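K.L.:
here is a sequence together with a model predicted from it:
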Amino acid sequence: MSEISINNFDDLVLQASRLPPARVAVVWATHAMAFAAVAEAQRAFKTEFHLIGNHQVIKDGLTLQGASVGEVQIHHRTDAELALRKSIELVRDGKVDILMKGSIDTSQMMKAVLAEDSGLRTGRLLSDIVLIEYPARRSNKFVMITDGGIVLMPDLEDKIELVNNAVEIAHILGNPCPKVAILSATELVLPNLQSTVDAAALTKMNQSGQIRGCIVHGPLALDNALSPEAAAAKGIESPVAGQAEILVAPNIESANILAKSTTYFGNLRLAHIVVGARIPILIPSRADKSDARVLSIALGIVVNSAVKPRRAHAPLAK
């Protein structure tokens, strides 16, 4: 369990700046926002960047953003597929700690990550976790949303993994017992709405000790998960209702829409990370601003610092 307490993005950036250097590979670096994030991360953290792509494009892009070009290792590759192969090679050879998507397609990158010879598989389910700062909260402002990027239609077994992956990140951030809401459209268990049936099962599994390190409750609609007033109005008595710190959505569409709505409707900052692989993986949207990329790098640095000691002794999954 982490001895630190990271409750907001200022805490996250500060903690990342204090940690030892992390080596970050950016796959197919062509985008101005990626170069801006590299420049900002160089100033904020102890990072060693490996940028894989066209040498001249990378050099010009970094220069334009005011990055320290001499401190970046550039691996010249002429197309996205070759850049991806080189990035996976760097991971397999233990030369990078964090893998970050540049302009390459997410599905193309994740297919390579999941290949048997990638060196990234651990036998766990990979899942994407979006971290937002919820201003209505006074203490721990972080709320996690999963999974809007990897698992298309999670069944009950997948949802157990989604909970465990998110709980691991909460523990790393210093939250010893996160409150997990299993989302649906209602707080009632309806036999013909599978998300409510799964939610009830996950709640029972947590109560029986099959899911540990957290408190799980569901089904909960979004308002009941986040608003104490809404939960009270509906008479929902649960330590999770109105206080949820992890939101597990029914499927990739609902999680993705929910996560993006926090930015486009709420103007909230975010970071996100893929966990379950041998190293942290960052898959920022090509539309993400450099701030989201820098916060994701900070999250990757903190997570890497926590998992790196046990990664050294973990066998590769077959």
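P.N.:
Sure, I can see it.

K.L.:
quick check: which ranges of the stretch 201-318 of the chain have low pLDDT?
P.N.:
311-318 (pLDDT under 70).

K.L.:
ranges for the strands of the protein?
P.N.:
For the chain, the strands defined by DSSP state E cover 22-27, 47-53, 72-76, 98-101, 127-133, 142-146, 179-183, 215-220, 246-248, 270-275, 281-282.

K.L.:
distance to residue 232 for those - can I get that in a markdown table?
P.N.:
To be clear about C-beta, it is placed using only N, CA and C from the backbone, and glycine gets the same treatment. Below are these laid out as a markdown table (distance: least, C-beta to C-beta, whole Å):
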| stretch | distance to residue 232 |
| --- | --- |
| strand 22-27 | 44 |
| strand 47-53 | 45 |
| strand 72-76 | 53 |
| strand 98-101 | 42 |
| strand 127-133 | 24 |
| strand 142-146 | 19 |
| strand 179-183 | 16 |
| strand 215-220 | 13 |
| strand 246-248 | 19 |
| strand 270-275 | 28 |
| strand 281-282 | 38 |
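
K.L.:
who's in contact with residue 76?
P.N.:
53, 54, 55 (C-beta atoms under 8 Å, 6 or more residues apart in numbering).

K.L.:
would you mind measuring from the second one to residue 285?
P.N.:
Between residue 54 and residue 285 the distance is 22 Å, computed by C-beta to C-beta, to the nearest Å.

K.L.:
I'd guessed residue 110 sits against residue 121; true?
P.N.:
No - checked against C-beta atoms under 8 Å, the pair residue 110 and residue 121 is beyond contact range at 11.5 Å.

K.L.:
who are the packing partners of the lengthiest helix in the chain?
P.N.:
Counting residues, the longest helix found in the chain (DSSP state H) is helix 290-311. For helix 290-311, the elements it packs on are helix 9-18, strand 22-27, helix 32-44, strand 98-101, helix 156-172, strand 270-275, strand 281-282, judged by 3 or more C-beta pairs under 8 Å, 6 or more residues apart in numbering; DSSP states H and E.

K.L.:
how far off centre is the last one?
P.N.:
The one in question is strand 281-282. Centroid displacement of strand 281-282 relative to its chain, using C-alpha atoms, centre = their mean, to the nearest Å, is 7 Å.

K.L.:
what sits up against that strand?
P.N.:
With C-beta under 8 Å, 6+ apart as the criterion, strand 281-282 contacts 98-101, 113, 120, 126, 272-275, 293, 296-297, 299-300.

K.L.:
go again using 10 Å as the cut-off
P.N.:
24, 26-27, 37, 91, 98-101, 109-110, 113, 120, 126, 128, 149-150, 271-275, 292-293, 296-297, 299-300 (C-beta atoms under 10 Å, 6 or more residues apart in numbering).

K.L.:
so what sits against both of residue 110 and residue 121?
P.N.:
Joint contacts of residue 110 and residue 121 (C-beta under 10 Å, 6+ apart) are residue 277.

K.L.:
re earlier: tell me which of the strands of the chain sits nearest to residue 161.
P.N.:
When those are compared by C-beta to C-beta, strand 127-133 sits nearest residue 161, at 6.7 Å.

K.L.:
show me what that closest one is packed up against.
P.N.:
helix 9-18, strand 142-146, helix 156-172, strand 246-248, helix 252-264, strand 270-275, helix 290-311 (3 or more C-beta pairs under 10 Å, 6 or more residues apart in numbering; DSSP states H and E).

K.L.:
partners of it in the sheet?
P.N.:
Taking DSSP bridges as the criterion, strand 127-133 pairs within the sheet with strand 142-146 (antiparallel), strand 270-275 (antiparallel).

K.L.:
can you add mean neighbour count and give these back as TSV?
P.N.:
Compiled in TSV, the strands paired with strand 127-133 are given as follows (neighbours: other C-beta atoms under 10 Å):
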stretch	mean neighbour count
strand 142-146	26
strand 270-275	25
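
K.L.:
in TSV: those strands, plus distance to residue 239.
P.N.:
Listed next are the strands paired with strand 127-133 as TSV, based on distance: least, C-beta to C-beta, whole Å:
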stretch	distance to residue 239
strand 142-146	16
strand 270-275	25
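
K.L.:
nearest to residue 48, out of those?
P.N.:
strand 270-275 (18.8 Å).

K.L.:
tell me the angle the closest one makes with helix 9-18.
P.N.:
Relative orientation of strand 270-275 versus helix 9-18 (axes from the mean of the first three to the mean of the last three C-alpha atoms, to 10 degrees): 50 degrees.

K.L.:
gap between strand 270-275 and the chain center?
P.N.:
That offset, for strand 270-275, works out to 2 Å (C-alpha atoms, centre = their mean).

K.L.:
just the CA trace of that strand, in CSV.
P.N.:
Output of strand 270-275 as CSV, limited to C-alpha atoms (Å, rounded to 0.1, in the frame of the first residue of the first chain):
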residue,chain,number,x,y,z
LEU,A,270,-7.9,14.5,-17.1
ALA,A,271,-5.2,11.9,-17.3
HIS,A,272,-5.5,8.3,-18.4
ILE,A,273,-3.5,5.2,-18.3
VAL,A,274,-3.7,1.6,-19.5
VAL,A,275,-2.9,-0.9,-16.7
